[in-house]
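Engineer: Give me coordinates for this.
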Amino acid sequence: MPRSRTMLVVSWGLRAVAAAILLQTLFFKFTGAPESVYIFSQLGLEPWGRIASGIAELIASVLVLIPSTVAWGALFSLIIISAAILGHLTKLGIELPAVNDHGELFALAAVVFLCSGALIVIHRHDFSRGKEA
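Structural biologist: Coordinates of the predicted model:
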C-alpha cells in the first residue's frame, strides 16, 4: 500500500533525527572520549562494549537511511537504544554528574527511542514484504 506524501515526509524526518543522533555519538565512542569511557566503565563494558555499541549504532543508522531497510534499521535501533536507556535507569542514572550532561544523553536516547518506535509503526508492513512501498 503506497504511503501518502505527508507520511513519507514524516518518515524521512524521523529517520534523519534518529540517524543524526546515533551517528553523532560515534565520534565519542570510537575516539575513546572521556565521557564514553566513563559510561562504559560504569557499566563494566569498557572498551569492548563501547566499540561494539558504536558499530551497532553505525549499522542501525545506515539501515534506517536506506528506504528498503528502514523498518529493520528502526527495529535494530530500538533494541540498541533500549539497552542504553536500561543502562541509564539501572546503573548510570538519568543525569551523569561525572560528565556534567544534565540528562542530555538520556534525553537523546529517548528521542531515538521515540523516532525508532514511530518508524516501526509507519513501516510495519515492510517487515512482511521486505521492501518499502
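Engineer: Which residue is the nearest non-sequential neighbour of W72?
Structural biologist: Excluding the flanking residues, the one nearest W72 by Cβ to Cβ, 6 or more residues apart in numbering is L63, at 5.7 Å. The way it works is simple: take the backbone N, C-alpha and C, and place the C-beta from them, glycine included.
Engineer: how much space between L75 and I85?
Structural biologist: For L75, the distance to I85 equals 16 Å [Cβ to Cβ, to the nearest Å].
Engineer: What pLDDT is listed against the residue nearest to W72?
Structural biologist: pLDDT, L63: 98.
Engineer: list the contacts for V10?
Structural biologist: 118, 122 (Cβ atoms under 8 Å, 6 or more residues apart in numbering).
Engineer: distance of it from G44?
Structural biologist: Distance of V10 to G44, given as Cβ to Cβ: 39 Å.
Engineer: before we move on, back to that, what is the neighbour count of the residue nearest to W72?
Structural biologist: Using other Cβ atoms under 10 Å, L63 has 20 neighbouring residues.
Engineer: List the contacts of it.
Structural biologist: 69-70, 72-73, 76-77.
Engineer: State the next helix or strand along the chain beyond the helix or strand where it lies.
Structural biologist: Per DSSP states H and E: L63 is located in helix 48-65. Following helix 48-65 in sequence order, the next helix or strand is helix 70-87 (DSSP H and E).
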